[in-house]
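*Asks:* Based on what follows, work out the 3D shape:
(one chain, ligands or ions: 1)
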Amino acid sequence: VSSSPGSRSILRDIGGGNADQKDKAVELNTTNFDSVLRDTPAKYAVVEFFAHWCPACRNYKPHYEKVARLFNGPDAIHPGMVLMTRVDCAMKTNTKLCDKFSISHYPMLFWGPPSKFVSGSWEPKKEKSEILVIDDGRTADRLLDWINKQIGSSYRLDDKKFENEHVLSNITNYEQISQAVYDIEEATAEAFDIILSHKAIKSSETSASFVRFIQLLAAHHLSRRCRKGAAEILVNYDDICPSGKCSYEESGGKDTLGNFPICGKDVPRGYYMFCRGSKNDTRGFSCGLWVLFHSLSVKIEDGESHFAFTTICDFVNNFFMCDECRLHFNDMCLSVKTPFKKARDFVLWVWSTHNKVNERLMKDEASLSTGDPKFPKIIWPPKELCPSCYLSSDQKKIEWDHDHVYKFLKNYYGPKLVSVYKEKSVIGSKEETNIATEDLTVATNALVVPIGAALAIAIASCAFGALACYWRTQQKNRKPRRSWN
Ligand SMILES: Cc1cc2nc3c(=O)[nH]c(=O)nc-3n(C[C@H](O)[C@H](O)[C@H](O)COP(=O)(O)OP(=O)(O)OC[C@H]3O[C@@H](n4cnc5c(N)ncnc54)[C@H](O)[C@@H]3O)c2cc1C
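*Replies:* Here you go, the predicted structure:
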């Protein structure tokens with residue numbers, strides 16, 4: 001991926017990277033402008049072009065920062081909506097960048113989808129640009145009003161984290177699933193961190209379960225960086241977990257599990273987007289985990305379906321540290337008596353199992369008021385999302401059209417889920433298109449290729465073409481181990 005190194009860490013460190021001044025707005029320059037705006041999960045960006053010598057800009061900064069604290073960084077009040085950035089045009093290195101946006105005065109503020117800024121420009125007379133000049137952002141209040149008008153929100157400067165009414169409920173919004181691509185990465189990294197912090201690979205059984213899950217991720221995770229991270233772990237597994245005994249601590253060397261961030265060093269970012277609750281302790285990780293399972297299920301081929309089923313069941317049983325959840329889930333796993341032969345059956349099993357959990361939680365949450373008021377549990381998908389999934393329904397019973405449900409799930413957790421990446425690639429350069437496509441390409445043809453000893457557990461169940469290929473490249477590049485040591 002051609003992003004400049006560290007562009008993602010810049011996004012993550014907003015407030016950390018600029019920790020000296022505690023600035024929340026991200027400082028952009030010629031080098032990181034495109035990569036930061038391409039990598040951001042945010043739907044919109046504000047770019048402030050300023051000059052550090054300009055007194056008006058200095059006076060404006062506290063206003064801009066008041067708004068930036070709402071949107072930027074892991075402590076943001078409304079993360080993932082707007083990325084607030086600034087470019088110092090007084091820096092010689094940024095001259096060309098500022099020229100491209102025809103900067104006529106300081107500060108000058110622009111608004112638009114981040115992808116439109118990538119390799120983008122702005123001219124005063126150009127009509128129909130998706131990049132707009134913010135013409136009324138002179139104070140923090142006015143800037144926020146302007147933003148609210150653009151996105152139909154009602155954010156306020158004194159909003160507090162999770163004490164707000166503004167999270168948009170996504171129950172019936174077909175488009176919002178595209179934000180979940182970032183949550184899948186987040187949940188994967190969080191699951192991995194939990195395993196590390198609990199030192200949860202404790203036996204040969206848990207070790208085998210872990211390897212199988214990582215194998216599933218290496219082959220079918222939607223995010224390229226998570227597939228890559230998973231493959232790295234597999235390749236090095238014998239060294240970092242000899243005989244299933246893992247070393248966990250992060251150290252300078254590459255010989256502990258902690259040194260292999262599964263989705264790259266910049267994930268977890270610290271927040272969820274599609275899975276964001278309106279309260280601090282709702283949704284988040286467990287929602288992200290479900291979305292991960294669904295997104296994996298729709299990628300599975302017929303021959304892998306039973307492997308995927310047992311792998312997910314074992315993973316939940318061994319590594320999902322919510323006792324009630326894993327016990328119930330395990331019961332539902334055990335109730336499957338005949339092995340899956342068809343991917344369709346597995347996709348529908350994950351869906352119906354999730355609905356059984358929803359059904360049970362609907363009652364619990366109603367009596368205990370523990371649910372998220374903005375995201376009440378429902379039998380899913382609601383009619384608004386998929387009318388054709390319903391053959392008939394009354395108060396007590398829904399009769400599903402399983403063909404339509406399957407078709408809906410394949411699209412919803414497949415192309416729809418990754419549509420944000422695709423959108424970015426359409427507008428970007430040819431090179432970018434290739435990157436985005438590569439980002440999303442998953443191994444669909446699962447070949448059984450005999451591979452090395454370290455993957456013995458993995459190949460015992462099945463092996464995936466892409467993974468085997470990766471493994472072989474690594475083996476070629478690896479120095480032979482000196483057996484006399
Ligand atoms: C394996 C597992 C078992 C769990 N067991 C329990 C338990 O026993 N007790 C408990 O209190 N909590 C349990 N949880 C947590 C619980 O299911 C929810 O994840 C949590 O309450 C957050 O709910 P949510 O509103 O974000 O939606 P979630 O139920 O997490 O769903 C996430 C998103 O998936 C979509 N979705 C909903 N239903 C379906 C479906 N049937 N098929 C496809 N997509 C769907 C919706 O868009 C929804 O927003 C479990 C979680 C997991 C991953």
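*Asks:* Every contact and neighbour count from this point should use C-alpha atoms.
*Replies:* Noted.
*Asks:* helix/strand/coil for the closest residue to the ligand within the stretch 51-200 of the chain?
*Replies:* For the stretch 51-200 of the chain, the residue positioned closest to the ligand under CA to the nearest ligand atom is I171, at a distance of 6.0 Å. When classified by DSSP: H, G, I helix; E, B strand; the rest coil, I171 comes out as coil.
*Asks:* And the pLDDT at the nearest residue to it once chain neighbours are set aside?
*Replies:* Nearest non-adjacent residue to I171, counting by CA to CA, 6 or more residues apart in numbering: F375, 7.1 Å away. With respect to pLDDT, F375 has a value of 89.
*Asks:* check which helix or strand covers F375.
*Replies:* According to DSSP states H and E, F375 maps onto no helix or strand at all.
*Asks:* Tell me the spacing between it and E123.
*Replies:* From F375 over to E123 the distance is 43 Å, taken as CA to CA, to the nearest Å.
*Asks:* Spell out which parts of the stretch 301-450 of the chain neighbour the ligand.
*Replies:* 324-326, 328-329, 351-352, 354-355, 357, 375, 377, 380 (CA under 6 Å from any ligand atom).
*Asks:* Make CSV from those and add neighbour count and secondary structure to it.
*Replies:* As requested, those are exported to CSV (neighbours: other CA atoms under 10 Å; DSSP: H, G, I helix; E, B strand; the rest coil):
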residue, neighbour count, secondary structure
E324, 10, helix
C325, 14, helix
R326, 19, helix
H328, 14, helix
F329, 19, helix
W351, 20, helix
S352, 14, helix
H354, 16, helix
N355, 17, helix
V357, 16, helix
F375, 18, coil
K377, 20, coil
W380, 18, coil
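*Asks:* burial count for S209?
*Replies:* 25 (other CA atoms under 10 Å).
*Asks:* Could you check how many residues crowd around the residue in the stretch 151-300 of the chain positioned nearest to the ligand?
*Replies:* When scored by CA to the nearest ligand atom, the stretch 151-300 of the chain has C287 as its residue closest to the ligand, at 3.2 Å. By other CA under 10 Å, 19 other residues sit near C287.
*Asks:* got it, and K92?
*Replies:* Around K92 there are 9 residues (other CA under 10 Å).
*Asks:* for P55, same thing?
*Replies:* Neighbours of P55 (other CA under 10 Å): 12.
*Asks:* Which strands or helices does the helix or strand where the residue of the stretch 151-300 of the chain closest to the ligand lies pack on?
*Replies:* Secondary-structure assignment from DSSP H and E places C287 in helix 285-297. The elements that helix 285-297 packs onto, with contact taken as 3 or more CA pairs under 8 Å, 6 or more residues apart in numbering; DSSP states H and E, are helix 180-197, helix 343-368.
*Asks:* Show residues contacting that helix.
*Replies:* Helix 285-297 has contacts (CA atoms under 8 Å, 6 or more residues apart in numbering) with 180, 183-184, 186-188, 190, 217, 220-222, 272, 275, 308, 312, 343, 346-347, 350-351, 354, 413-414.
*Asks:* And for the spatially closest residue to H63 that is not a sequence neighbour, the neighbour number?
*Replies:* What sits nearest to H63 in space, not counting adjacent residues and going by CA to CA, 6+ apart, is A140, at 4.4 Å. A140 has 20 neighbouring residues, counting by other CA under 10 Å.
*Asks:* can you check the one 4 residues further on too?
*Replies:* In terms of burial, L144 registers 24 neighbours under the definition other CA under 10 Å.
*Asks:* Could you do V133 as well?
*Replies:* By other CA under 10 Å, 18 other residues sit near V133.
*Asks:* Quick check: beta-bridge partners of the closest residue to it other than its chain neighbours?
*Replies:* Distances taken as CA to CA, 6+ apart place F110 nearest to V133, at 4.5 Å, with adjacent residues excluded. Judged by DSSP bridges, the bridge partners of F110 are V47, V133.
*Asks:* Am I right that F110 is in contact with F50?
*Replies:* No: if you go by CA atoms under 8 Å, F110 and F50 don't touch, sitting 11.5 Å apart.
*Asks:* Between the two, which has more neighbouring residues?
*Replies:* Applying other CA under 10 Å to F110 and F50 shows that F50 carries more neighbours, namely 25 against 18.
*Asks:* Once you drop chain neighbours, what's closest to the more buried one?
*Replies:* Among residues not flanking F50 along the chain, P107 sits closest, at 4.5 Å (CA to CA, 6+ apart).
*Asks:* What is the burial count for the one you found?
*Replies:* 24.
*Asks:* Surely it touches C57?
*Replies:* Yes: counting by CA under 8 Å, P107 does reach C57; the two are 5.7 Å apart.
*Asks:* Helix or strand: which one has the closest residue in space to R142 that isn't next to it in sequence?
*Replies:* What sits nearest to R142 in space, not counting adjacent residues and going by CA to CA, 6+ apart, is D136, at 6.3 Å. Counting by DSSP H and E, no helix or strand carries D136.
*Asks:* Could you check how far D136 is from K126?
*Replies:* 20 Å.
*Asks:* Could you do S295 as well?
*Replies:* Distance, S295 to K126, using CA to CA: 41 Å.
*Asks:* more neighbours, these two?
*Replies:* Each of S295 and K126 has its neighbours counted (other CA under 10 Å); S295 has more, 24 against 7.
*Asks:* and stretch 29-43, which residues are buried?
*Replies:* For stretch 29-43, a neighbour-count test (16 or more other CA atoms under 10 Å) marks 29, 32-43 as buried.
*Asks:* And stretch 278-289, by the same measure?
*Replies:* Buried, per 16+ other CA under 10 Å, within stretch 278-289: S278, K279, T282, R283, G284, F285, S286, C287, G288, L289.
*Asks:* possible to save those as CSV with distance to K299?
*Replies:* Below are those laid out as CSV (distance: CA to CA, whole Å):
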residue, distance to K299
S278, 31
K279, 32
T282, 28
R283, 24
G284, 23
F285, 21
S286, 20
C287, 19
G288, 17
L289, 16
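*Asks:* Quick one: residues contacting C275.
*Replies:* C275 makes contact with A180, D183, R283, G284, F285, C287, G288, according to CA under 8 Å, 6+ apart.
*Asks:* Name the nearest residue to it, ignoring sequence neighbours.
*Replies:* Leaving aside its sequence neighbours, C275 is closest to G284 (5.1 Å, by CA to CA, 6+ apart).
*Asks:* Which parts of the stretch 51-200 of the chain are strands?
*Replies:* Counting by DSSP state E, counting those that start in this stretch, the stretch 51-200 of the chain has strands at residues 82-88, 108-112, 132-133.
*Asks:* what packs against the longest one?
*Replies:* The contact analysis (3+ CA pairs under 8 Å, 6+ apart) places strand 82-88 against strand 26-28, strand 44-50, helix 55-71.
*Asks:* outside of the last one, which residues touch it?
*Replies:* Taking contacts as CA under 8 Å, 6+ apart, the residues outside helix 55-71 that touch it are 23-25, 50-52, 76-84, 106-107, 138-140, 143-144, 157, 159.
*Asks:* now do stretch 242-261
*Replies:* Contacts of stretch 242-261 (CA under 8 Å, 6+ apart): 189, 196, 199, 201-204, 207-208, 229, 232-233, 238-241, 267.
*Asks:* can you tell me the helix or strand for E399?
*Replies:* Per DSSP H and E: E399 is located in strand 398-400.
*Asks:* continuing past the helix holding C287, what's the next helix or strand?
*Replies:* As assigned by DSSP H and E, the chain's next helix or strand after helix 285-297 is helix 305-319.
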